[in-house]
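Coordinates for the following, if possible.
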Amino acid sequence: MMYLWSVFTKPWLGLPGDELGRLISGLGFAGAEVPVRDTAYVTPASAEAELPKFTAQLRAEGIEPISVASDLSEQVFAACAESGVPMIRIMADLGPDGYAASVRRNRELLESAAVLSERYDVQVGVQPHHGRYVSSTLGVLQLLDGLPDRFKLVWDAAHDALAGDHPAVTLELGADRLGIVNLKNVHYLRTDGAWKTNFVEAEEGLSDWSAVFAALRQLQWSGPICLTAQYSTGPVEERLERDLRFAVTSAAQHPSRE
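Numbering: from 1, shown residues only. Reported below is the predicted structural model:
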């Protein structure tokens, strides 16, 4: 079974669906995660009216929407259900009240969203994120423990590496919850006396994408792979095309077993 090669379309926030679809199809993708945010073409306030039209335009260009990056409001759930978008992706932020209190607050948010997730038959995907978020795969899995199956892990290669983990461990532990695999890469740069994250191309960072595909093969997993198009410098399209070629080659070396 082939992976659905997808891309997070954040770099092209202002494009309508038809233009966006042609652009990312031309880059070699067949799927997309769409930002539904106040700064994007489709916002949470306009989602019920605009997302069905936007996703229809993407599909007309051969692009299947795999998820939206948004919030857990009912209007976004309803828009996803109407548009046939299977997942809303979020991250679990940490507030000034500390990690434990922040996790409790995020858990309450997810428990409240369980009603909407069931009503609209739309999944919720939670992604680890370095910094002021629940930053590890294991932390996200703990956050999701006991929630319905519609609550998924969005595993992320770069943030997994920043957490000091390895895909052979975290992908296996998260297999039962795995909804999307995000691919990007990162390393640290020392700037102005401090170490800062620098998002780079596939072969330049801390994450070994070949190890990711080896782990996915062992799991016999063949869901969507989403390249997040995040780079600290340089032209996005050129770097993204190179990363897609590298990912496809790495996947071919570790093919999924049917």
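
Report the mean per-residue pLDDT for the strand or helix carrying residue 160.
Assessed by DSSP states H and E, residue 160 sits inside helix 157-162. The pLDDT scores in helix 157-162 average 98.

Could you list every helix and strand that it packs against?
Judged by 3 or more Cβ pairs under 8 Å, 6 or more residues apart in numbering; DSSP states H and E, helix 157-162 is in contact with helix 167-173, strand 178-183, strand 185-191. For glycine as for every other residue, the C-beta is placed from the backbone atoms N, C-alpha and C.

winner for burial among the ones you listed?
Highest mean neighbour count among the helices and strands packed on helix 157-162 (mean count of other Cβ atoms under 10 Å): strand 178-183, with a mean of 24.

Pairing partners for it, with directions?
strand 151-156 (parallel), strand 225-227 (parallel) (DSSP bridges).

TSV please, covering the ones you listed and showing distance to residue 124.
Putting the strands paired with strand 178-183 into TSV (distance: least, Cβ to Cβ, whole Å) gives the following:
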stretch	distance to residue 124
strand 151-156	5
strand 225-227	16
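
Reformat those as TSV; add distance to residue 247 and mean neighbour count.
Converted to TSV, the strands paired with strand 178-183 look like this (distance: least, Cβ to Cβ, whole Å; neighbours: other Cβ atoms under 10 Å):
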stretch	distance to residue 247	mean neighbour count
strand 151-156	14	26
strand 225-227	7	26
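
wait, which of those is closest to residue 215?
When the strands paired with strand 178-183 are compared by Cβ to Cβ, strand 151-156 sits nearest residue 215, at 9.7 Å.

What lies in contact with that closest one?
Outside of strand 151-156, the residues within contact range by Cβ atoms under 8 Å, 6 or more residues apart in numbering are 67, 87, 89, 110, 114, 117, 123-129, 137, 140-141, 144, 167, 170-171, 174, 177-182, 184, 228.

Just the buried ones from those residues?
With burial judged by 16 or more other Cβ atoms under 10 Å, the buried subset of the contacts of strand 151-156 is 67, 87, 89, 110, 117, 123-129, 137, 140-141, 144, 167, 170-171, 174, 177-182, 184, 228.

Setting aside sequence neighbours, what's the nearest residue to the most centrally placed residue in the chain?
When Cα atoms, centre = their mean is applied to the chain, the residue found nearest the centroid is residue 182 (5.0 Å). Among residues not flanking residue 182 along the chain, residue 156 sits closest, at 4.1 Å (Cβ to Cβ, 6 or more residues apart in numbering).

separation between that neighbour and residue 122?
For residue 156, the distance to residue 122 equals 21 Å [Cβ to Cβ, to the nearest Å].

Please report phi then psi for the residue sitting furthest away from the middle of the chain.
What lies farthest from the middle of the chain is residue 193; by Cα atoms, centre = their mean that is 31.3 Å. Dihedral pair for residue 193: phi 80, psi 0, per degrees, to the nearest 10.

what does the one 3 residues further on give?
Residue 196 adopts backbone torsions of phi -130, psi 150, taken as degrees, to the nearest 10.

pretty sure it contacts residue 189?
Yes - counting by Cβ atoms under 8 Å, residue 189 is a contact partner of residue 196 at 5.7 Å.

my guess is residue 124 is in a strand, correct?
Yes - assigned with DSSP: H, G, I helix; E, B strand; the rest coil, residue 124 falls within a strand.

May I have the beta-bridge partners of it?
residue 88, residue 151.

which ones are touching it?
72, 87, 88, 90, 110, 113, 117, 150, 151, 152.

Ok, residue 157 next?
Residues near residue 157 by Cβ under 8 Å, 6+ apart: 167, 181, 182, 183, 184, 185, 207, 209, 212.
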